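Enquirer: Provided below for reference: sequence and predicted model.
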Amino acid sequence: MERSLSLGPLLPPYEPLPEAGEAERLPPSTAVTVEPPPPPRDHLAWSLCTALYGNVCCLGFLALVFSIKSRDRKVLSDYSGALSYGSTAKYLNITALLLNVFLVILIIVLMATGTIAAMNLSYHKQEQPETIFGPT
């Protein structure tokens with residue numbers, strides 16, 4: 001049993017080109033230029049600053065490595081790989097930044113409470129002077 005495949009017309013219907021005199025009556029053609037999308041960001045400067053100034057748990061160094069990998073992929077015109085490495089570097093930088101902010105706030109709070117506790121301790125010592133032989 002033989003089956004014939006009929007796909008129908010695959011191409012649009014053919015229209016003959018206009019004659020030389022008829023070309024003036026046609027509407028002008030429009031040329032659309034399509035620009036390629038901009039290359040993805042590699043966040044190299046941000047990663048460098050994070051590695052130098054806020055390298056919490058080596059996240060800044062990892063972000064720098066991924067930024068360099070992203071730049072290498074961008075040079076090779078592998079934009080999907082560059083986008084992947086760049087977004088990983090961005091998320092590592094964000095995580096390192098949040099950890100740095102949290103640690104700075106924690107240090108400020110601990111220093112403030114330590115200062116308050118030291119002042120209270122010195123105040124209580126001034127109220128109750130100790131004698132050489134102890135309390136009587």
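Expert: Good, I have the coordinates. No experiment lies behind these values; they were computed from the predicted model shown.
Enquirer: rest of the way, CA atoms for contacts and neighbours
Expert: OK.
Enquirer: ok, F66 touching K90?
Expert: No. Judged on C-alpha atoms under 8 Å, F66 makes no contact with K90 at a distance of 9.0 Å.
Enquirer: compare these two (neighbour count), which wins?
Expert: Higher neighbour count among F66 and K90: F66, with 25 against 22, using other C-alpha atoms under 10 Å.
Enquirer: what helix or strand does the more buried one sit in?
Expert: Per DSSP states H and E, F66 falls inside helix 59-75.
Enquirer: give me the residue at the spatial middle of the protein.
Expert: In the chain, the centroid-proximal residue (C-alpha atoms, centre = their mean) is K90; its distance is 2.4 Å.
Enquirer: spatially nearest residue to that residue (excluding sequence neighbours)?
Expert: Excluding the flanking residues, the one nearest K90 by C-alpha to C-alpha, 6 or more residues apart in numbering is H43, at 6.5 Å.
Enquirer: what number of residues lie near that neighbour?
Expert: By other C-alpha under 10 Å, 22 other residues sit near H43.
Enquirer: for R41, same thing?
Expert: R41: 18 surrounding residues under other C-alpha under 10 Å.
Enquirer: now the helix holding F66: buried residues?
Expert: 59-74 (16 or more other C-alpha atoms under 10 Å).
Enquirer: give me the below-cutoff pLDDT ranges for this protein.
Expert: Applying pLDDT under 70 to the chain flags residues 1-12, 14, 16-26, 129-136.
Enquirer: which residues in the chain form helices?
Expert: For the chain, applying DSSP state H gives helices covering 44-53, 59-75, 79-127.
Enquirer: for the last one, name the packing helices and strands.
Expert: Here helix 79-127 touches helix 44-53, helix 59-75, going by 3 or more C-alpha pairs under 8 Å, 6 or more residues apart in numbering; DSSP states H and E.
Enquirer: could those helices go into a markdown table alongside distance to T30?
Expert: Putting these into a markdown table (distance: least, C-alpha to C-alpha, whole Å) gives the following:
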| stretch | distance to T30 |
| --- | --- |
| helix 44-53 | 41 |
| helix 59-75 | 33 |
